[in-house]
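Q: fold the following, please.
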Amino acid sequence: MLATAVAALSFAAPPAARVSRRAVATMRDWGVEAGRLDAAEAQDLLDEAQAESSEAALYCLNVKLCIKPEVREEFLDCIRANQRGTLSSAEPLAVTYVFGEDESTPNTFHFFEQYRGVEGFEAHTKSAHFADWETFAATEPFTEPPVVSFYTEDAPGRAGLAPASAGPLFCLHVALHVKPERRNAFLDAMRGDQEGALTTEPACASYLFGEDANEPNTFHMYEAYAYGRAGFEAHAKSESYAAWSAFKQTDPFSRPATVSYFTLFDAPPPPPPRIADAERLTFTNEVSGGGEAMGDAPAGFVWGGVF
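A: Now for the predicted structure:
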């Protein structure tokens, strides 16, 4: 199963933003008022948001590959071809395929993939571009065995507030091993940090987690932040993270966590700007270090590359 999964690596582009109906309703009202949407277009937005919100949680993979330096370029060519094929119309059940190089270890690459159900991943393994990847993987390009983790989202994912033009995303893969008796408290703490990151942090593009498909009480995370490591560091100073950090001090884990940091290669842009609430405010470019006011807009709406 592991060998097949490794050969099947598909690395997909971030899903189209699954936006809440309330957020789209706010965007609709702003668009109509500004003359950018007519009534029919506004209703289409709402209908699409309603359909998206009812989607099932996605089947995910976190993958780590350690590549021999001498085959680096061949590996990247093969992976990029696999990415293009996965995200094409040939794979309608593929949602996300992104990858990047480890922050501290050259030639170690991390991948995040999403499919609409296990059947989406299985369809991927039958594709022509997957066969090309299998051929390359059979040439022994790895310096150590690949690590592939399968999981289903805890709940249908949502896009964060990060603007589309904020540059390459800084990402984390995390594996957490939870004591069975602390499982419910862990889930409450994780969901609280997730909610805070997605709804209040302008640099957060994605935050999701789910339980390992084969190992109960092992959970995998994927987080992505705009503005490089500064975006993640802003998250680490948030109220929701403080609550999560306090929970971690209560000895809830059965063994140490595994954490990997990487910046995406050739990634499609983050989900588009979103409107979270109806208030209006003045935006400043806090995470990227600026302080220039960017004007008045509905709360949560991101202008270009600043917020």
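Q: residues of the helix or strand where Pro256 lies that come out buried?
A: Here Pro256 sits within strand 253-265, counting by DSSP states H and E. Neighbour-count burial for strand 253-265, counted by 16 or more other Cβ atoms under 10 Å, picks out Ser260, Tyr261, Phe262, Thr263, Leu264, Phe265. Any C-beta I mention is one placed from the backbone N, CA and C, and that applies to glycine too.
Q: pull the longest helix from this protein.
A: Longest helix of the chain, by residue count under DSSP state H: helix 183-200.
Q: mind jotting down where the helices sit in the protein?
A: Under DSSP H, the chain gives helices at 2-7, 21-33, 39-53, 72-86, 118-124, 128-137, 183-200, 229-235, 239-248.
Q: quick check: mean pLDDT of the second one?
A: Right, the one you point to is helix 21-33. For helix 21-33, mean pLDDT is 45.
Q: and if you look at the shortest one?
A: Confidence over helix 2-7 (mean pLDDT, whole number) is 42.
Q: before we move on, what about stretch 243-261?
A: For stretch 243-261, the per-residue pLDDT averages 96.
Q: got a list of contacts for that stretch?
A: Contacts with stretch 243-261, where a contact means Cβ atoms under 8 Å, 6 or more residues apart in numbering, come from 64, 102-104, 110, 170-179, 182, 185-186, 189-190, 192-193, 217, 229.
Q: which strands and helices sit next to the longest helix of the chain?
A: Applying 3 or more Cβ pairs under 8 Å, 6 or more residues apart in numbering; DSSP states H and E, one finds that helix 183-200 contacts strand 204-212, strand 218-225, helix 239-248.
Q: dump these into JSON lines; add distance to Tyr59 as well.
A: Formatted as JSON lines, the helices and strands packed on helix 183-200 follow (distance: least, Cβ to Cβ, whole Å):
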{"stretch": "strand 204-212", "distance to Tyr59": "9"}
{"stretch": "strand 218-225", "distance to Tyr59": "12"}
{"stretch": "helix 239-248", "distance to Tyr59": "25"}
